[in-house]
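1. Below are the sequence and a predicted model for it; my questions follow.
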Amino acid sequence: MDQLTTDLDQLRLASLTWGPTADPAAPLAVLLHGFPDTAHTWRHLGPALADAGYRVVAPFTRGYGPSGLPADGSYHVPALMSDVLELHAALEGDARAVLIGHDWGAIVANGLAATEASPFRRVVSLAVPPFPAMNPSRGDVARWAGALARQATMSWYIGFNQLPGLPERSFDKLVAHLWRQWSPGYDAADDLARLAASLPTTERKAAAVGYYRANSRPWQLPSRYRHLGSAWAVGSPRVPLLYLHGEDDGCLDARWASRVSGKLRQGGRSALITGAGHFLQLERPDVVNARILEFLSEEAP
């Protein structure tokens with residue numbers, strides 16, 4: 001594992017890398033972490049993709065150290081999508097590139113999968129499906145309502161993260177609780193230590209919480225990102241997409257996973273991973289890596 005620094009329009013982006021990062025002859029794989037996590041969440045998948053011939057880049061996304069705080073202060077999803085597009089261009093990625101995201105990284109990956117200008121040939125999202133897949137369909141309203149009711153209680157932290165100051169002051173206890181709730185039985189001690197090193201100050205903690213606050217304030221989106229629109233919220237994937245969800249996920253009800261397959265374009269599919277919660281790439285790396293490598297190999301890199 002190595003490290004890479006890339007200067008983007010609004011911030012300096014730090015990334016963990018595996019494989020021949022400096023060789024543009026190798027296809028690019030961009031891996032996006034979520035909350036409350038860091039690029040180290042890809043410590044199992046990164047080497048596996050490198051062994052398969054990819055140059056793997058896992059950025060610490062906006063606000064997560066050692067990446068910088070964005071000059072424009074935006075943590076909106078289109079801003080995160082723009083960072084990925086800039087990174088792809090800076091690293092001379094091409095049409096062979098693939099994108100993999102977990103949690104907030106999955107939201108960004110799903111958004112780019114639905115964007116016509118996206119350069120990624122295949123996308124994998126973990127733990128958060130494309131949002132249109134969560135909409136009710138005819139004859140399915142009762143099951144949808146049941147999942148929605150349980151989800152409302154599971155998503156209490158979203159409202160909590162809107163409160164001024166309190167999430168930052170209680171951040172360490174909050175994130176430790178979320179890891180226990182979201183991936184029951186998983187020992188997150190190493191991951192929490194890495195998170196603490198990435199977000200050591202109140203300003204940094206506010207950046208991580210800022211993803212949730214920005215999502216509830218779309219009118220504050222800077223104009224430079226508006227061309228990316230609302231594809232992340234309402235768009236369906238335009239490229240083949242693999243969706244993976246942990247059966248024991250305490251963050252997002254596993255019933256949402258069963259709604260995904262029928263709403264993906266040809267070549268896309270979904271799978272429920274047994275023995276895993278929200279952080280499935282850490283809990284069942286053997287199964288998750290195999291699923292992803294199989295999906296990506298269906299078109300030669």
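-> Nice, thanks for sending it over. Residues are numbered from 1 along each chain as shown.

2. Point out where the stretch 151-300 of the chain drops to low pLDDT.
-> Scanning the stretch 151-300 of the chain for pLDDT under 70 picks out the ranges 299-300.

3. So what touches the strand or helix carrying Leu99?
-> Here Leu99, judged by DSSP states H and E, is contained in strand 98-102. Strand 98-102 is contacted from outside by 27-34, 37, 41, 45, 54, 84, 107-110, 112-113, 118, 120-128, 279, 281, 292, 296, 301, using C-beta atoms under 8 Å, 6 or more residues apart in numbering. Heads up, the C-betas are built off the backbone N, CA and C, glycines and all.

4. Which stretches in the stretch 51-200 of the chain count as strands?
-> 55-59, 98-102, 122-126 (DSSP state E, counting those that start in this stretch).

5. Ok, the stretch 201-301 of the chain next?
-> Going by DSSP E, counting those that start in this stretch, the stretch 201-301 of the chain shows strands at 241-246, 269-273.

6. what packs against the shortest one?
-> What that stands for is strand 269-273. strand 241-246, helix 285-297 (3 or more C-beta pairs under 8 Å, 6 or more residues apart in numbering; DSSP states H and E).

7. Please name the strands paired to that strand in the sheet, noting orientation.
-> strand 241-246 (parallel) (DSSP bridges).

8. Export the partner strand to PDB, keeping only CA atoms.
-> Extracted in PDB, the C-alpha atoms of strand 241-246 (Å, rounded to 0.1, in the frame of the first residue of the first chain):
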ATOM      1  CA  LEU A 241     -24.200  -2.000 -11.400                       C
ATOM      2  CA  LEU A 242     -23.600  -4.600  -8.700                       C
ATOM      3  CA  TYR A 243     -25.300  -4.000  -5.400                       C
ATOM      4  CA  LEU A 244     -24.200  -5.800  -2.200                       C
ATOM      5  CA  HIS A 245     -25.900  -5.600   1.200                       C
ATOM      6  CA  GLY A 246     -25.100  -7.200   4.500                       C
END
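
9. ok, residues contacting that strand?
-> Strand 241-246 is contacted by residues 110, 113, 122-127, 129-130, 133, 183, 252, 254, 256-257, 260, 264-265, 268-273, 276-280, 283-284, 288, 291-292, 295 when judged by C-beta under 8 Å, 6+ apart.

10. what does stretch 198-217 give?
-> Contacts with stretch 198-217, where a contact means C-beta under 8 Å, 6+ apart, come from 35-36, 38, 60, 62-66, 69, 74-77, 79, 104, 158, 161-162, 167-168, 171, 220-221.

11. Emit the ChimeraX select command for whichever of those are buried.
-> Remark: buried members of these, expressed as a ChimeraX selection using 16 or more other C-beta atoms under 10 Å:
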select :35,36,38,60,62,63,64,65,69,74,75,76,77,79,104,161,167,168,171,221
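
12. Of the contacts of stretch 198-217, which belong to helices?
-> Those of the contacts of stretch 198-217 mapping onto helices are 77, 79, 104, 158, 167-168, 171, per DSSP state H.

13. which of those lies closest to Gln3?
-> Nearest to Gln3 among those: Trp104, at 21.4 Å, using C-beta to C-beta.
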